[in-house]
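Chemist: curious how this folds, go ahead:
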Amino acid sequence: MRLALFEPDIPQNLGAFIRLAACLDVPLDIIEPCGFPVDDKRIRRAAMDYYDLATIGRYASWAGFRRARLERRVPGRLVLLTTKGAAALPDVTFQADDILLLGRESAGVPAEVHAAADVRVRIPLRPGARSLNVALAAAMVLSEGLRQTAGFPRGP
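Modeler: Numbering: from 1, shown residues only. Just a heads-up that it's a prediction; the model follows:
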């Protein structure tokens, strides 16, 4: 399983994603352009000393990310986390090679990216609640995916 971020626009959230990916030993793909310089010191501060433990791939664009997946023949479904998802999180069966894709905090993903997803997952929320923080949503869905696929790291 891996995480992919589409054009993130909040550096502190990217730092949280880096830490999440490092701690759970899940690769993280960053699809640029980002709304901030990726080498921003706020990212390293938010990621703390986990930055160097993370496996991070950077792609200059959505087209570059898709091309890299095809060229490397990277298996796995593209699972988009979206408030417009047809599948509710409790009903989704995850696969070990799923790529969990998250959109920009401010705007989600464009229609082209939405259409490319194999599965569109939403986290059911109480009426009147719009959405969760994107890093929190990722942690919830990733945890469920790792639980279902026995993918959590094996500690001492």
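Chemist: state the mean pLDDT of stretch 25-43.
Modeler: For stretch 25-43, mean pLDDT is 85.
Chemist: so which residues of the protein form helices?
Modeler: With DSSP state H, the ranges of helices along the chain come out as 11-24, 41-47, 62-71, 111-116, 134-148.
Chemist: check these for me and report the most buried one.
Modeler: helix 11-24 (a mean of 21; mean count of other CB atoms under 10 Å). Placement of C-beta: from N, CA and C, glycine included.
Chemist: tell me the angle of that one relative to helix 134-148?
Modeler: 20 degrees (axes from the mean of the first three to the mean of the last three CA atoms, to 10 degrees).
Chemist: packing partners of helix 11-24?
Modeler: strand 2-6, strand 28-31, helix 41-47, helix 134-148 (3 or more CB pairs under 8 Å, 6 or more residues apart in numbering; DSSP states H and E).
Chemist: alpha carbons of it, as PDB, please.
Modeler: In PDB, the C-alpha atoms belonging to helix 11-24 read as follows (Å, rounded to 0.1, in the frame of the first residue of the first chain):
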ATOM      1  CA  PRO A  11       3.200  22.400   4.100                       C
ATOM      2  CA  GLN A  12       2.300  21.300   7.600                       C
ATOM      3  CA  ASN A  13       0.000  18.600   6.200                       C
ATOM      4  CA  LEU A  14       2.700  17.400   3.900                       C
ATOM      5  CA  GLY A  15       5.000  17.100   7.000                       C
ATOM      6  CA  ALA A  16       2.300  15.100   8.700                       C
ATOM      7  CA  PHE A  17       2.000  12.800   5.700                       C
ATOM      8  CA  ILE A  18       5.800  12.300   5.700                       C
ATOM      9  CA  ARG A  19       5.700  11.300   9.300                       C
ATOM     10  CA  LEU A  20       2.700   9.000   8.800                       C
ATOM     11  CA  ALA A  21       4.500   7.300   5.800                       C
ATOM     12  CA  ALA A  22       7.700   6.900   7.700                       C
ATOM     13  CA  CYS A  23       6.200   5.500  10.800                       C
ATOM     14  CA  LEU A  24       4.000   3.000   8.900                       C
END
